[in-house]
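# how would this look folded up:
(2 chains)
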Amino acid sequence: DAGITQSPRYKITETGRQVTLMCHQTWSHSYMFWYRQDLGHGLRLIYYSAAADITDKGEVPDGYVVSRSKTENFPLTLESATRSQTSVYFCASSESVGSHEQYFGPGTRLTVT
Amino acid sequence: QKEVEQNSGPLSVPEGAIASLNCTYSDRGSQSFFWYRQYSGKSPELIMFIYSNGDKEDGRFTAQLNKASQYVSLLIRDSQPSDSATYLCAVGPRNTGFQKLVFGTGTRLLVSP
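Residues are numbered from 1 along each chain as shown, chains lettered A, B, ... in the order given. Model prediction:
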């Protein structure tokens, strides 16, 4: 049971480049989330999705784009990476409207130089 | 005032002692409360959730919720060095139709042998 996976696990990119972080879950969970975790800020929600083709902004969406064409995938794209987007990115999923328990992927450590 | 507050620690306890981790939240209408454990360099792992006032026990872990005072705590009995990690408190706000959680910045727990 693979659960929730993220790729790549580590990424170094240059300022201005586009980069996509992938998230895949095998549980058929309806909800998926993208967070970033930075020292002193904790986990902050970037975007979330309630189902395929339904996405909405979280607390810090600027500079990010998401899509969800299939229930199991929820990619996060940085359109033009900036140094302030250097962070650890976590994808999470949750089963249904009645369940608030979120389960996290292993994370992607992104460095923007 | 932050929405979810935790003492950053570190909280140091000797092996075998009870570790008590506390969390306060600002939204009186919050409905769901979670504790995540995060080892250094790893993703958050859900260890407890509680929805009703009172205590909820699971093995060595007890979650305590007091909605009137707006705090939730996590007790770890018989603490082990393997419990050394950062513990994140997460709160689900009043039902807005989606499952957004607000995370605290975490309390670092150190259990010494």
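
# tally of neighbours for A:Thr20?
Residue neighbour count, defined by other C-beta atoms under 10 Å in any protein chain shown, stands at 14 for A:Thr20. C-beta here means a position set from N, CA and C on the backbone, and glycine is covered the same way.

# nearest spatial neighbour of it, chain-adjacent residues omitted?
A:Thr77 (4.6 Å; C-beta to C-beta, 6 or more residues apart in numbering or on different chains).

# I'd guessed that neighbour sits against A:Arg17; true?
No - at 11.1 Å, A:Thr77 and A:Arg17 do not qualify as touching, with contact defined as C-beta atoms under 8 Å.

# can you list the strands that the longest strand seen in chain A pairs with?
Using DSSP state E, we find that the single longest strand of chain A is strand A:42-51. Neighbouring strands of strand A:42-51 in its sheet, by DSSP bridges, are strand A:31-38 (antiparallel), strand A:54-57 (antiparallel).

# buried residues in that strand?
When burial is assessed from 16 or more other C-beta atoms under 10 Å in any protein chain shown, strand A:42-51 yields the following buried residues: A:42-50.

# got the buried residues for the host helix or strand of the residue nearest to A:Thr20?
Element membership of A:Thr77 [criterion: DSSP states H and E] is strand A:76-78. Within strand A:76-78, the residues that qualify as buried by neighbour count (16+ other C-beta under 10 Å) are A:76, A:78.

# name the helices or strands packed onto the strand or helix carrying B:Leu74?
Element membership of B:Leu74 [criterion: DSSP H and E] is strand B:71-76. The contact analysis (3 or more C-beta pairs under 8 Å, 6 or more residues apart in numbering or on different chains; DSSP states H and E) places strand B:71-76 against strand B:19-25, strand B:32-38, strand B:61-66, strand B:85-92.
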